[in-house]
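Enquirer: Any chance you can model this:
(2 chains)
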Amino acid sequence: MQFYSFPNLIRRGLRGHRDWTPAWRKAEPKPAYDVVIVGAGGHGLATAYYLAKLHGVTNVAVLERGWLGGGNIGRNTAIVRSNYLWDASAHIYEFSLKLWEGLSQELNYNVMFSQRGLLNIAHSEQEVRDLARRVGANQLNGIDAELLSTDEISKLVPILNTSPHTRYPVLGGTLQRRGGVARHDAVAWGYARAADALGVDIIENCEVTGIRTANGRVTALETTRGEIRAGTVGLVVAGNASVLASMAGIRLPIQSHPLQALVTEPLKPVFDPVVMSAAVHVYIHQTDRGELVLGAGIDAPVSYDLNGNFRIIEHVLAAVCELFPIFSRVRMLRQWAGTVDVCPDASPIISGTPIKGLFMNCGWGTGGFKATPGSGWVFAHTLAHQEPHPLNEPFALDRFTTGALIDEHGAAAVAH
Amino acid sequence: MLLIPCPWCGPREDDEFTFAGEADIPRPADPDALTDEQWADYLFMRDNRRGRHREQWCHTAGCRRWFIVERDTVTNEILGASTYGNSS
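Expert: Okay, the predicted model is just below:
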């Protein structure tokens, strides 16, 4: 792997930048691997990286039916935070946030992690009470969280309409200063490059069409590029988890929905933190390029359609114009959707399955991006040891049978 | 936007309706006899099909009646609607 550094940039620059090599190989599938990971998105590539780096498992393939990073890792709104309510989620997201804080150095790849702060605003007395409860829970878990008054919010984000005579009065809010955003594509590319350097094969245009089992054990995957044998398989997909699991005869508690986002034309810097409102289904931040990134809520009907319902856009833009009157004439540049796999408790499944050797890390719903490093870390542990790490033990598939759900609708359902 | 064919009111904008998930999941006839696994399957597990999907809708802002729509979940094409008990 070519090390990215300032001296290296100068040295190669003097030679006309002619000897840079691709950041990762285009690997051809081998007949067999120790571990096969399905899905070259953020979570899958992070899993492969930590498997090779921390567990010495390098005979690993990552299969991708489309192109690397073309799924939800490239479709999310890039927000990172850890202010979840329940212990199980708080622990895994905070673990992840700590990994974010060193990720660019770890990968020798600038993921542009920017801890600009993350503000949740409340529009009703009950919401203020709910946020106060969440701040308390966060602080007990050692996560930075502050309760802010309307005046403090107004100082932090002067362009936010905090007048009491508005449709969505801002009655209070919470701030996680360590929250922020990261460059989502760079996360996929950085993990891909680092995993490839450790010997992992990343195989694009390779769709899994069947899962072979024998005596209750996974033995191989059928793919559009032939059969690939593996004793351990990790399904790390979004927007197709139910379809893949059904190939192994497993039913999942997942429903898939389109989740939309939009980007505006670039503006000069106008506000610092990410601003989120759960009640009006809006979250917004300004990128380093100056564009505003707006996120919406999901389309209610189950769908794998990648357009999304225009009604959702109308709703988001109406709310943004109400909260930020200054943006009322900003033009939208593009809109897109991703398919999100939502579990009934808005928490992911990072777990073994009834089939030995077959594991899954999916169902991240609307907010998996922030967990990318931690998710890959715990799933690599799970695959290497064939049993979960304490951090992901609560996220087992059998919680839907035991009833030990991790109900994060308050912290996760809208706010990504 | 989806145009939902209400069997009683005709095609209307989806804004008037409430989506209520997969159809054909009957309430257990003898709840006391169910194992935890069977409860989990009834309450939480879904086919979540890519393609033809039978689903429940209620015309909340119209006639307030429930019915079944068949829709392709990839293209969002509406393939038909039926009332409970008899197809149309």
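
Enquirer: Going along the chain, name the helices of chain B.
Expert: Taking DSSP state H, the helices of chain B run over residues B:36-43.

Enquirer: where in it is pLDDT low?
Expert: Where chain B drops to pLDDT under 70, the residues are B:86-88.

Enquirer: Report the central residue of it.
Expert: B:Q56 (1.7 Å; Cα atoms, centre = their mean).

Enquirer: So what sits opposite that residue in the bridge?
Expert: Beta-bridge partners recorded for B:Q56 (DSSP bridges): B:I68.

Enquirer: which ones are touching it?
Expert: The neighbourhood of B:Q56, defined by Cβ atoms under 8 Å, 6 or more residues apart in numbering or on different chains, consists of B:19-23, B:66-69. Glycine gets a C-beta too; all of them are placed from N, C-alpha and C.

Enquirer: Scan these and report the most crowded one.
Expert: Neighbour tally across those (other Cβ atoms under 10 Å in any protein chain shown): the maximum, 23 neighbours, falls on B:V69.

Enquirer: I figured that residue was touching B:C6, is that so?
Expert: No. B:V69 is beyond contact range of B:C6, at 9.3 Å (criterion: Cβ atoms under 8 Å).

Enquirer: And the contacts of B:Q56, which is closest to A:L175?
Expert: Among the contacts of B:Q56, B:F19 lies closest to A:L175 (Cβ to Cβ), at 34.9 Å.

Enquirer: Pull up the gap between A:A300 and chain B, please.
Expert: 5 Å (Cβ to the nearest Cβ, to the nearest Å).

Enquirer: Over to A:Q139?
Expert: Taken as Cβ to the nearest Cβ, the span from A:Q139 to chain B is 32 Å.

Enquirer: so what's A:G290 up against?
Expert: A:266-269.

Enquirer: would TSV of the residues you listed with secondary structure be doable?
Expert: Below are the contacts of A:G290 laid out as TSV (DSSP: H, G, I helix; E, B strand; the rest coil):
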residue	secondary structure
A:P266	coil
A:L267	coil
A:K268	coil
A:P269	coil
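
Enquirer: Not counting its neighbours along the chain, what's nearest the residue of the stretch 1-150 of chain A found nearest chain B?
Expert: Residue of the stretch 1-150 of chain A nearest chain B, by Cβ to the nearest Cβ: A:R65 (12.7 Å). Excluding the flanking residues, the one nearest A:R65 by Cβ to Cβ, 6 or more residues apart in numbering or on different chains is A:E207, at 3.6 Å.

Enquirer: can I assume A:E222 sits in a helix?
Expert: No. Counting by three-state DSSP, A:E222 is located in no helix; its state is strand.

Enquirer: I'd assumed A:G210 was in contact with it.
Expert: Yes. Proximity of A:E222 to A:G210 meets the contact threshold set by Cβ under 8 Å, at 3.5 Å.

Enquirer: Looking only at neighbour counts, state which of those two leads.
Expert: Neighbour count, other Cβ under 10 Å: between A:E222 and A:G210, A:E222 has more, with 15 against 12.

Enquirer: How about the contacts made by the more buried one?
Expert: If you count contacts by Cβ under 8 Å, 6+ apart, A:E222 has them with A:208-212.

Enquirer: among those residues, which are in helices?
Expert: Among the contacts of A:E222, no member falls in helices (DSSP H).

Enquirer: Please indicate which of those residues are buried?
Expert: A:208, A:211-212 (16 or more other Cβ atoms under 10 Å in any protein chain shown).

Enquirer: Okay, and which of these map to strands?
Expert: Assigned to strands by DSSP state E, the following of the buried ones among the contacts of A:E222 qualify: A:208, A:211-212.

Enquirer: residue contacts, the nearest residue to B:E13 once chain neighbours are set aside?
Expert: Spatial nearest neighbour of B:E13, excluding adjacent residues (Cβ to Cβ, 6+ apart): B:M1 at 6.1 Å. The contact partners of B:M1, by Cβ under 8 Å, 6+ apart, come to A:309-311, B:13-15.
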